[in-house]
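*Asks:* could you look at this predicted model? Sequence included:
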Amino acid sequence: MIRCFRCELEFDLETVSWCHCDVPLRTLRCSTCHDCFCSAPMPYKRRFWAEAPRELRESPNRFRTQLGSTATHIDRRPVERRPALLIVDDDEAMRSIVACFVEQLGYSAMSIGDSEEALAEAARHPYDVVITDALMPKLDGRELCQRLKAMPTGATKKVILMSSLYKSRRARLEAFAFGIDEFLPKPLNFNELATVLGRIAPIVPEMTAIRTAV
């Protein structure tokens, strides 16, 4: 059960429908007043999604991704090269939805909430891209990037920094000094994330290599 922010009546999550708003991330509609959560205060939305079941947070119905004026097409054909992504964020709801989104684009994704555990995971497995939050306990995203780049395979890793704080030009320049490859401000623009991934870690379709007949 959830209490609507507008009419303040409780309703069962199993009875609700998704909104049709022209936004990158859709929300639910109250089954009583039929208002969606797009206009809800941010604290309400954060609390709601943090407590929502994972299958609801990661539902494909949440996403309405567009690049420019053309809707993104998610190609489900087998791929020859499926880049591996590591999502690092101490906010479980955030890393969960980012992982879900990139998997829908066709990437392989692993998510971790602890930056030091992420460092150990990256040492064990050859991730192509690490998407990390800027502010985290133990190691922040910039320090994590610096240590990732210092690994023997660090030169081949791309690091995307997500931040709601480091938005000024000076802060971005400082982040790039740590070796950051791309910077994405929060709230995260999923269209921009898809564009950045397509540029730094494109998915190679099956059978793109030219084979010479014997």
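*Replies:* Happy to help now that I have it. Note that this is a predicted model, so its numbers are computed, not measured.

*Asks:* buried stuff in stretch 47-65?
*Replies:* Buried positions in stretch 47-65, judged by neighbour count with 16 or more other Cβ atoms under 10 Å: 48-49, 52, 57-59, 62-65. Backbone N, C-alpha and C define where each C-beta goes, glycine included.

*Asks:* same question for stretch 92-101.
*Replies:* Those would be 93-101, for stretch 92-101 by 16+ other Cβ under 10 Å.

*Asks:* using CSV, lay out the buried residues of stretch 47-65 together with pLDDT.
*Replies:* Formatted as CSV, the buried residues of stretch 47-65 follow (pLDDT from 0 to 100):
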residue, pLDDT
48, 81
49, 77
52, 78
57, 75
58, 71
59, 76
62, 77
63, 70
64, 59
65, 47
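
*Asks:* just put the residues you listed in JSON lines and tack on secondary structure and distance to residue 113.
*Replies:* JSON lines is the format used below for those (DSSP: H, G, I helix; E, B strand; the rest coil; distance: Cβ to Cβ, whole Å):
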{"residue": "48", "secondary structure": "helix", "distance to residue 113": "19"}
{"residue": "49", "secondary structure": "helix", "distance to residue 113": "15"}
{"residue": "52", "secondary structure": "coil", "distance to residue 113": "17"}
{"residue": "57", "secondary structure": "helix", "distance to residue 113": "15"}
{"residue": "58", "secondary structure": "coil", "distance to residue 113": "16"}
{"residue": "59", "secondary structure": "coil", "distance to residue 113": "21"}
{"residue": "62", "secondary structure": "helix", "distance to residue 113": "20"}
{"residue": "63", "secondary structure": "strand", "distance to residue 113": "22"}
{"residue": "64", "secondary structure": "coil", "distance to residue 113": "27"}
{"residue": "65", "secondary structure": "coil", "distance to residue 113": "25"}
